[in-house]
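> Here is a sequence with its predicted model. Questions after.
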Amino acid sequence: MKILLIHKFHYMLGGTETFHYNLAEALKAAGHEVIYFSMQDDRNIPCPQDKYFVSNVDYNDPGLKGFKKIKTGLKVIYNFEAKRKFEQLIKDEKPDIAHIGLLHRQITFSVVDVLKKYNIPIVMHLHELTAVCPCYTMLRPDGTICSDCATKGYWNCVKNKCMKGSRTKSLLAFAEAKFLQFGRYYNKIDTYIAECDFYKKLVERAQFTKSPIIRMNNFLPINQEYKAYYDHDNYILYFGRYAREKGVLTILKAYAKLNCSEKLVLVGRGSEEEKIRDFVKEHNLEDRVQINGAIFGKEMEKIIEKAKVVLVPSEWYENGAFVALQALAKGKIVVASNIAGLSEIIQDGVTGFLAEPGNPDSFATAIQKVLDLSGEMYKDMSQRIVEYAKLRCDAKAYIKQLLEQYTMLINQKQKGQ
């Protein structure tokens, strides 16, 4: 089977990109051919299909002025260059099925028209909630969770200036949402995959598509080691994006309340880094908090292995939370927000502890529960966590279920011809 993976970033940026890399490797390990369509970027992982990749689209570029900005704005809604290059890829490679990750605003749904033209079945992963919220986070500029666009209409995005506090960017997001709605683009996808029950139920209630939504747990790499690393270097770890919706400032406030010997180690990058550094300095935490840039691969694996506890303090509707799964596979106790997909992954008191999103006191209490565990209790919990991760995150079981979906869709298309 030749499988086309469509995702707007072809380099390691975050959990979504990690998922797509792992998916490609698992499909190849199962004996299938994987090809790619993405966006040009100097950081891209080289691949034979990169000659087809669409030009980089960055509407946040401060150098965009006048007509150039309008032209880029139109590209965000429907990218004709992407459509042209993508059609050439389809003609040359003739894939059996397409699996979409993220494409809004860079690749755009222009490629969906090409897939329908050539009768290629389409699976789309619900990594985020752009279909029900034009700014995708379901957060207002002040950080509060909002479902107005899902229940009252997309105009609320403009009204509340949800896209980075900008009326112009919010208007552009609104225009894209209405274009996709009027074009019934979400009905053109054959099957959606949701990583958690929360996402599945949310998008079903919003009724943005008539296509089926199936529920599949996220998975870990095909060569993932499942081992309880209960010997640790006595530090508390956060790794992920430094973004407001990720709740990093909340755990800093929680940590400042703790009278503990454990250091707090932060690993990542993002727009909140300056605020994080300012908080650490203002609260005299320089000797207790270690701030790192983004780290990947074996080096990141070692950092997770040596952590005492891993924090996932998201303040938005987190989906499959790959960072939590990575930690569980190494037997790490996870303290996470009791929200969306996270509350489905972490069993409070069994595989970790749940805390109220955005509440430093709640997080401080949950972290303290881990710090108070005896060595034997910590070891027992760590071993239980690994067994849970093995069952929940098995790549072979995931790929088997996914290939069954692929085969069913391909057969349906062939019968319909």
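Right, received. Where do you want to start?
> what about Cys135, helix or strand, and which?
Taking DSSP states H and E as the definition, Cys135 sits outside all helices and strands.
> Let me see the contact set for it.
By Cβ atoms under 8 Å, 6 or more residues apart in numbering, the residues touching Cys135 are Cys157, Cys162, Met163, Ser170, Ala173. In this view, the C-beta of every residue, glycine as well, is placed from N, C-alpha and C.
> confidence score at the last one?
When you say that, I think you mean Ala173. Ala173 is assigned 90 on the pLDDT scale.
> Neighbours of Ala327, how many?
Ala327 has 28 neighbours, counted by other Cβ atoms under 10 Å.
> Could you list the low-pLDDT ranges of the chain?
In the prediction, the chain carries residues with pLDDT under 70 at positions 59-73, 417.
> How is it partitioned into domains?
Domain segmentation of the chain under automatic domain parsing yields 2-221+395-416, 235-392.
> okay if I get the ones you listed as CSV plus distance to Ala228?
Formatted as CSV, the domains of the chain follow (distance: least, Cβ to Cβ, whole Å):
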stretch, distance to Ala228
domain 2-221+395-416, 15
domain 235-392, 3
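> Of those domains, which stretch is the most buried?
domain 235-392 (a mean of 19; mean count of other Cβ atoms under 10 Å).
> could you pull out the strands for the stretch 251-400 of the chain?
Taking DSSP state E, counting those that start in this stretch, the strands of the stretch 251-400 of the chain run over residues 263-267, 289-292, 309-312, 333-337, 352-355.
> Output these as a markdown table; include the columns distance to Leu402.
Below are those laid out as a markdown table (distance: least, Cβ to Cβ, whole Å):
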| stretch | distance to Leu402 |
| --- | --- |
| strand 263-267 | 30 |
| strand 289-292 | 34 |
| strand 309-312 | 25 |
| strand 333-337 | 26 |
| strand 352-355 | 27 |
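> Identify whichever of these lies nearest to Lys117.
Closest approach to Lys117 among the strands of the stretch 251-400 of the chain is made by strand 309-312 (41.5 Å; Cβ to Cβ).
> What pairs with the closest one, parallel or antiparallel?
strand 235-239 (parallel), strand 333-337 (parallel) (DSSP bridges).
> how about those in CSV, adding distance to Ile145?
Shown next, in CSV, are the strands paired with strand 309-312 (distance: least, Cβ to Cβ, whole Å):
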stretch, distance to Ile145
strand 235-239, 21
strand 333-337, 11
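> Quick check: which of those is nearest to Val350?
Closest of those to Val350 is strand 333-337, at 10.2 Å (criterion: Cβ to Cβ).
> Phe9: which of the strands paired with strand 309-312 is closest?
Nearest to Phe9, of all the strands paired with strand 309-312, is strand 235-239, at 18.4 Å by Cβ to Cβ.
> How about residues contacting that closest one?
248, 251, 255, 262-268, 290, 295, 300, 303-304, 306-313, 323, 367.
> Isn't Lys396 up against Ile222?
Yes: if you go by Cβ atoms under 8 Å, Lys396 and Ile222 touch, sitting 7.3 Å apart.
> Need the residues touching each of the two.
Joint contacts of Lys396 and Ile222 (Cβ under 8 Å, 6+ apart) are Ala26.
> need the contact list for the residue nearest to Ile367 when sequence neighbours are not counted.
Nearest non-adjacent residue to Ile367, counting by Cβ to Cβ, 6 or more residues apart in numbering: Val335, 5.5 Å away. For Val335, the contacting residues are 309-313, 352-355, 363, 366-367, 370, by Cβ under 8 Å, 6+ apart.
> Quick check: of the residues you listed, which lies closest to Cys196?
Taking Cβ to Cβ as the measure, Cys196 sits nearest to Val312 out of these, at 13.5 Å.
> quick one: Tyr36 is in a helix?
No: counting by DSSP: H, G, I helix; E, B strand; the rest coil, Tyr36 is not found in a helix; it is strand.
> Okay, and the closest residue to Lys390 other than its chain neighbours sits in which element?
The spatially closest residue to Lys390, leaving aside those adjacent along the chain, is Tyr226, at 4.9 Å (Cβ to Cβ, 6+ apart). Tyr226 belongs to no helix or strand when assigned by DSSP H and E.
> how much space is there between Tyr226 and Arg392?
From Tyr226 across to Arg392, the span is 11 Å (Cβ to Cβ, to the nearest Å).
> Between these two, which contacts overlap?
When Cβ under 8 Å, 6+ apart defines a contact, no residue borders Tyr226 and Arg392 alike.
> chain center to stretch 303-314: distance?
18 Å (Cα atoms, centre = their mean, to the nearest Å).
> what's the answer for stretch 4-22, then?
Chain-centre distance of stretch 4-22: 9 Å, with Cα atoms, centre = their mean.
> try stretch 347-361
Counting by Cα atoms, centre = their mean, stretch 347-361 is centred 20 Å from the centre of its parent chain.
> Over to stretch 115-135?
Here the centre of stretch 115-135 is set off from its chain's centre by 15 Å, with Cα atoms, centre = their mean.
> Please identify the helix or strand for the residue lying closest to Asn359 once chain neighbours are set aside.
With Cβ to Cβ, 6+ apart as the criterion, Asn359 has its nearest non-adjacent residue at 7.2 Å, and that residue is Thr250. If you go by DSSP H and E, Thr250 is part of helix 248-257.
> Could you tell me the angle between that helix and strand 333-337?
Angle of helix 248-257 versus strand 333-337, following axes from the mean of the first three to the mean of the last three Cα atoms, to 10 degrees, is 120 degrees.
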